[in-house]
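Visitor: Turn this into a structure:
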Amino acid sequence: MIALEAQQIKLPTPPSVAPQRPLRPDTFLIRWWQVLVAAVGLVVLLPVSTLIALAIKLTSRGPILYRGQRVGRNMEPFAIFKFRTLLVDAETRIGARLLTPGDPLYTPIGRFLKRTKLDEIPQLWNVVRGHMNLVGPRPIRPVFLATSLKEIRHYGLRFFVRPGMTGLAQLRGGYFTHPRDKLRYDLLYIANRGMLLDLKLVLATFVKLLNRWLTLGLLLGLVFLSASFLPSLFRGPFQLEIGGFNLSPFEGIGLLLAVALLARQIPSHRLYLYRTPTNLPILMFILFCVTAGFVAGDVGPRIRDAAYFTATGFLLVFLVVSGDMSRTFARNATRMVALAAVAMALLGILQVVVDTQRVAGVAMAAHAETLPRLVSTLGNPVVLSAYLVLGVPLVVLELVCARKREEREFWLIATTLVLVGVLLSQTRLALLALWLTGAIFSWGISRRAFRLVLGAAVGFLALLVATGTFRFEATALQKELARRAAVTSAVVQQTLGSPRGLIGTAPGKGADSAVVLPASGGQGSREVSNENMHLTLMQRTGVVGWALMMWVIGAALTAIGRASGRVEDRRLALTLWAIFSAGLGFLVSMVNLNTFYNPTLQVLFWGLLGIGMAIATHFGSQRPTFNVIYRFGQGE
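Guide: Okay, the predicted model is just below:
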């Protein structure tokens, strides 16, 4: 579906340079439908344009828009608008030559804008003003005009119509195609132009751009950012029941795009799978779910369990490992996670400040029991604390790897914000997970860093307890421990005391987990929610299923931890150790929350495991190998 090429849309074949039929000028219909589309496009793309404008202004000096002279209809000059992708004085330094991908004249985000064609969004304004059409010959720089008119016969005929944002020559050729060959397609278009052909060319351009935009990194980035800041997308605006699953439109589109990306990663003659330590335990977990279903007579729910964990976790790991892993991808992906964690903490702190203002004028000590907890966009302080624990090592990683003074200062503030965010979530197990994660990561950096982190954590926690910001009550702690011990005991007894304890007593029920406990006073019983993911796994898949899932996670973390000592690149080695530390902290967070049934944490955790496994596979001491699952065609 996504891998369609623009050439698959049937377009005319080029004639000789001389036109075979009279050239067709603009008509009212040809012109004004394009103006309408351009005007709508400007409005729809306004948020994207705003983000691009901010990025340009923050990353380079100079104007946001580039205004360059171009030759249009009847060889009249006009000013073309683009988002600036080059340094301010670049055009005078370029002269009469074409830019190359490695040209040093690009701004920090210029190559990205040029490669994705996002720099051409302002040309929609040229279409509205009447300088250009959506479809037509591309406008040329005046510096090339005289040479092309002199050397290429009939070259002046291409100026019979308005230039376009896209055209037949751009779809059939490319940036470095010779102007003589482009002219053949331009004249063919002008002789056959009409509303239907223009629509076909616009559609073909959209498909071609979509092919260029749809990369593994972009898909994972969009899914991750959506899960972090717009988690409601995973639940609404409505859900469709498919095979026992309730899928939102966003989840359905994401799965389709993931399948399309997997299809693009596979060579045309074979289906393959990289050899990683997680392959066998993942296969064993899936086979166990299916086999247990036949044994217990509930195949449907068991298959739903296997499909759920495959689609939301295992597939994500496989996508990242099978993609084009590079140092740049690893750095950008982990930096995005770090920045998202900082944003989450900052949003939560701002929310606390706003809530605190509502009780302004009253002594805070009198309202200590109503002190708000951080929730951010996730709506739950426990979820937020687990999210931040996963992000803390990656934020500290940026601080450790920062080279410039400004970068170190920024990431020092960012680290402080994230640590404060975890503490103000007021989740005791999050503090334990944070301490474990920080201790392991700092130990991997140096022993001095370990002692510094340990001392700073203890001192800061003591300060918060002393000021009443963080409450530590022995009675409340005892009650919480007693409740958790009762839930754990009940689940273990129900699981091990049942003939189906090894394979699970309640498969396919998702996050709806409850435990029956004796009521206070010994009369009757009561249901208590089970928020321990380890216990929930035992209820759903049994002791064997829980052990197999721990095998999957343990195999991944072991491989990542070992690879951190073998990778030569220091940044990649620290990245692996940060992911390893975050994974161990996540295992602690699982005691406090049904993490695998929360889309945000699912995407973040399995995505990080995938990045770690990909680095270990592609940059480890051994050359990556793969198993060919199926060969296509004869004689293979």
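Visitor: which residue is nearest the middle of this structure?
Guide: Residue closest to the average C-alpha location in the chain (C-alpha atoms, centre = their mean): Gly221, at 1.4 Å.
Visitor: I'd say it and Arg335 touch.
Guide: No: here Gly221 lies out of contact with Arg335, judged by C-beta atoms under 8 Å, at a distance of 11.0 Å. C-betas here are computed from N, CA, C, even on glycine.
Visitor: pLDDT below threshold where in the stretch 401-550 of the chain?
Guide: Applying pLDDT under 70 to the stretch 401-550 of the chain flags the ranges 447, 449-477, 480, 496-497, 508-528.
Visitor: how about the strands of it, start to end?
Guide: Remark: strands assigned in the stretch 401-550 of the chain by DSSP state E, counting those that start in this stretch are 514-518, 525-529.
Visitor: ok, the residue lying closest to the residue nearest to the centre of the chain once chain neighbours are set aside - contacts?
Guide: Excluding the flanking residues, the one nearest Gly221 by C-beta to C-beta, 6 or more residues apart in numbering is Met336, at 6.1 Å. Counting by C-beta atoms under 8 Å, 6 or more residues apart in numbering, Met336 touches Gly221, Phe224, Leu225.
Visitor: and Met336, how far is that from Ala55?
Guide: 14 Å (C-beta to C-beta, to the nearest Å).
Visitor: coming back round to it: does the residue nearest to the centre of the chain belong to a helix or a strand, and which?
Guide: For Gly221, the host element (DSSP states H and E) is helix 216-229.
Visitor: Which elements pack onto that helix?
Guide: In terms of contacts (3 or more C-beta pairs under 8 Å, 6 or more residues apart in numbering; DSSP states H and E), helix 216-229 is packed against helix 249-265, helix 315-322, helix 327-357, helix 599-619.
Visitor: Of these, flag the one that's most buried.
Guide: Ranked by mean neighbour count, these are led by helix 599-619 with a mean of 24 (mean count of other C-beta atoms under 10 Å).
Visitor: Could you list the alpha-carbon positions for that helix in CSV?
Guide: Taking C-alpha atoms only, helix 599-619 is exported to CSV below (Å, rounded to 0.1, in the frame of the first residue of the first chain):
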residue,chain,number,x,y,z
PRO,A,599,0.0,2.1,25.9
THR,A,600,2.5,4.9,26.9
LEU,A,601,4.7,2.6,29.0
GLN,A,602,4.4,-0.2,26.4
VAL,A,603,5.7,1.9,23.6
LEU,A,604,8.5,3.5,25.6
PHE,A,605,9.7,0.3,27.3
TRP,A,606,9.7,-2.0,24.2
GLY,A,607,11.0,0.8,22.0
LEU,A,608,14.0,1.2,24.3
LEU,A,609,14.6,-2.5,24.3
GLY,A,610,14.4,-2.5,20.5
ILE,A,611,17.0,0.3,20.3
GLY,A,612,19.3,-1.5,22.7
MET,A,613,18.9,-4.8,20.8
ALA,A,614,19.5,-3.0,17.5
ILE,A,615,22.7,-1.4,18.7
ALA,A,616,23.9,-4.6,20.2
THR,A,617,23.1,-6.5,17.0
HIS,A,618,24.5,-4.0,14.5
PHE,A,619,27.5,-2.5,16.4
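Visitor: So for that helix, mean pLDDT?
Guide: Summarised as a single mean, pLDDT over helix 599-619 is 90.
Visitor: Next, the angle from it to helix 315-322.
Guide: Computed with axes from the mean of the first three to the mean of the last three C-alpha atoms, to 10 degrees, the direction of helix 599-619 lies at 30 degrees from that of helix 315-322.
Visitor: Then Tyr70 would be within a strand, right?
Guide: Check again: residue 70 is Arg, not Tyr. Yes: assignment of Arg70 by DSSP: H, G, I helix; E, B strand; the rest coil places it within a strand.
Visitor: May I see the buried residues of stretch 529-543?
Guide: Neighbour-count burial for stretch 529-543, counted by 16 or more other C-beta atoms under 10 Å, picks out 530-543.
Visitor: now, which of these sits nearest Gly130?
Guide: Met533 (61.1 Å; C-beta to C-beta).
Visitor: so what's the closest one up against?
Guide: Met590, Val591, Leu593, Asn594, Thr595, Phe596.
Visitor: repeat that with 10 Å
Guide: 511, 513, 546, 549, 586-587, 589-598, 601 (C-beta atoms under 10 Å, 6 or more residues apart in numbering).
Visitor: one step back: distance to Tyr189 added to the helices and strands packed on helix 216-229, as TSV?
Guide: Formatted as TSV, the helices and strands packed on helix 216-229 follow (distance: least, C-beta to C-beta, whole Å):
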stretch	distance to Tyr189
helix 249-265	30
helix 315-322	39
helix 327-357	38
helix 599-619	44
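Visitor: Sketch out the low-pLDDT regions of the stretch 1-150 of the chain for me.
Guide: 1-26, 89-103.
Visitor: re earlier: for the helix holding Gly221, the distance to its chain's centre please.
Guide: 3 Å (C-alpha atoms, centre = their mean, to the nearest Å).
Visitor: Pull out the buried positions in it.
Guide: Neighbour count says helix 216-229 has Leu216, Gly217, Leu219, Leu220, Gly221, Val223, Phe224, Ser226, Ala227, Ser228, Phe229 buried, by 16+ other C-beta under 10 Å.
Visitor: ditto for stretch 548-556
Guide: Leu548, Met549, Trp551, Val552, Ile553, Gly554, Ala555, Ala556.
Visitor: Of those residues, which is the nearest to Arg302?
Guide: Leu548 (13.0 Å).
Visitor: number of nearby residues for Ala146?
Guide: 9 (other C-beta atoms under 10 Å).
Visitor: next SSE after the host helix or strand of it?
Guide: Element membership for Ala146, per DSSP H and E: helix 142-151. The first helix or strand that comes after helix 142-151 along the chain, using DSSP H and E, is strand 164-166.
Visitor: can you list contacts of that next one?
Guide: Outside strand 164-166, the residues that touch it by C-beta under 10 Å, 6+ apart are 6, 34, 38, 41, 80, 117, 120-121, 123-124, 126-127, 132-139, 170, 186, 189, 198, 201-202, 204-206, 208-209.
Visitor: strands paired with that strand, and their directions?
Guide: Using DSSP bridges, the strands paired with strand 164-166 are strand 133-135 (parallel).
Visitor: quick one: the partner strand to chain centroid distance?
Guide: Offset of strand 133-135 from its chain centre (C-alpha atoms, centre = their mean): 33 Å.
Visitor: Need the residues that contact it.
Guide: 26, 30-31, 33-35, 37-38, 41, 73, 123-124, 126-127, 161-168, 170, 189, 193, 195, 197-202, 205.
Visitor: Mind doing that once more with 8 Å?
Guide: Contacts for strand 133-135 (C-beta under 8 Å, 6+ apart): 26, 30-31, 34, 37-38, 127, 161-167, 189, 193, 197-198, 201-202.
Visitor: Narrow those to just the buried residues.
Guide: 26, 30, 34, 37-38, 127, 161-167, 189, 193, 197-198, 201-202.
Visitor: number of nearby residues for the residue lying closest to Thr505 once chain neighbours are set aside?
Guide: Once flanking residues are discounted, Thr505 sits nearest to Ser498: 5.4 Å by C-beta to C-beta, 6+ apart. By other C-beta under 10 Å, the residues close to Ser498 number 13.
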